[in-house]
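> any chance you can model this:
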Amino acid sequence: MCMVSLSFGSATQKGMKDEAEGSAFYHIHWYVYPVIYWLEILLDFICLEMAAVDIAYLTEFDPLWSDDAKSAILNPETLLFQNVAAYQACIADCMSCSTGLLASDYAFWCAGCQGMLYPFTGTAAAHNGGVGTSVLMVSKFMAKMHMQLMLWGYYGYKGLCGKYPMPIMKKSQYRLQMTYPIPETKSCKSIGQTEATI
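Residues are numbered from 1 along each chain as shown. You can find the predicted model right below:
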């Protein structure tokens, strides 16, 4: 198990890539890292969640993360999105995200330019580079956590002062920002936005 950001393991370890099929597999380490709370930027904000650093989830211990068939049993809607029409919707989602608009919450099965969110496993059907595949894995993982009610909604009127159950992830609630190997210091990307610089 590699936990480079906590100084355990080696920085040279990577996800597995199948050269013959072009697929890839990655594990996720999910950390709770409440920077805004630490910096005391929002002192008077009544709804600020106070938390400490925590290793919230390691997919190495989740038997469903490495097995597409078992994941499909718990999430049978996966079978609905394995068709041409669903993939075409992802193309439209990619174009929408990459033109500066937010990710489409209506196409909840898509991760825009990265591909499909389903199944909720560490498998990527096509390895489209380290950054693109990593973004897809994080998006799939967040969608999985929403479905398991481990991540909740903080978005809109219902989320003004507290979290609420959100089993289907609203992609427009999130932004992703890469910190390593090249930090994105000037912007962050919405889920599904191309990782290429435009």
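> the spatially most central residue of the chain: which element?
The residue lying closest to the centre of the chain (CA atoms, centre = their mean) is Ser139, at 1.9 Å. Taking DSSP states H and E as the criterion, the element that holds Ser139 is helix 130-147.
> in its sheet, what does the helix or strand just after that helix sit against?
Next along the chain after helix 130-147, taking DSSP H and E as the criterion, comes strand 175-176. Strand 175-176 has these partner strands in its sheet, going by DSSP bridges: strand 189-190 (antiparallel).
> residues contacting the strand it pairs with, please?
97, 102-103, 112, 135, 171-172, 174-177, 195 (CB atoms under 8 Å, 6 or more residues apart in numbering). Just so you know, the C-beta spots here come from the backbone N, C-alpha and C atoms, and that holds for glycine as well.
> hmm, which two among those are most spread apart?
Greatest spatial distance among those (CB to CB): Ser172 and Glu195, at 18.4 Å.
> for the chain, just list every one of the helices.
Here the chain has its helices, by DSSP state H, at 35-39, 68-74, 84-98, 130-147.
> pLDDT of the first one, averaged?
Meaning helix 35-39. Regarding helix 35-39, the rounded mean pLDDT is 69.
> start at 30 instead
Sure, I'll start counting at 30 from here, so that last one is helix 64-68.
> please report how far the spatially closest residue to Gly188 that is not a sequence neighbour lies from Thr223.
Spatial nearest neighbour of Gly188, chain neighbours left out: Gly182 (5.5 Å); criterion: CB to CB, 6 or more residues apart in numbering. Plainly put, Gly182 is 26 Å away from Thr223 if you go by CB to CB, to the nearest Å.
> so where's this structure uncertain?
The chain contains residues with pLDDT under 70 at 30-50, 65-67, 69-79, 226-227.
> sorry, back to before: could I get the buried residue list for the helix holding Ser168?
By neighbour count on 16 or more other CB atoms under 10 Å, the buried set for helix 159-176 is 161-176.
> hang on, the earlier thing: what about the residue nearest to Gly188, neighbour count?
18 (other CB atoms under 10 Å).
> my guess is it meets Leu189, correct?
No - with contact taken as CB atoms under 8 Å, Gly182 and Leu189 are classed as non-touching, separated by 11.2 Å.
> Ser201 and Glu224 - which one has more neighbours?
Glu224 (20 against 16).
> quick one: contacts for the more buried one?
Going by CB under 8 Å, 6+ apart, Glu224 touches 142, 158, 160-161, 164, 218.
> what's the farthest-apart pair in these?
Going by CB to CB, the pair spanning the contacts of Glu224 furthest: Gly158 and Lys218, at 14.4 Å.
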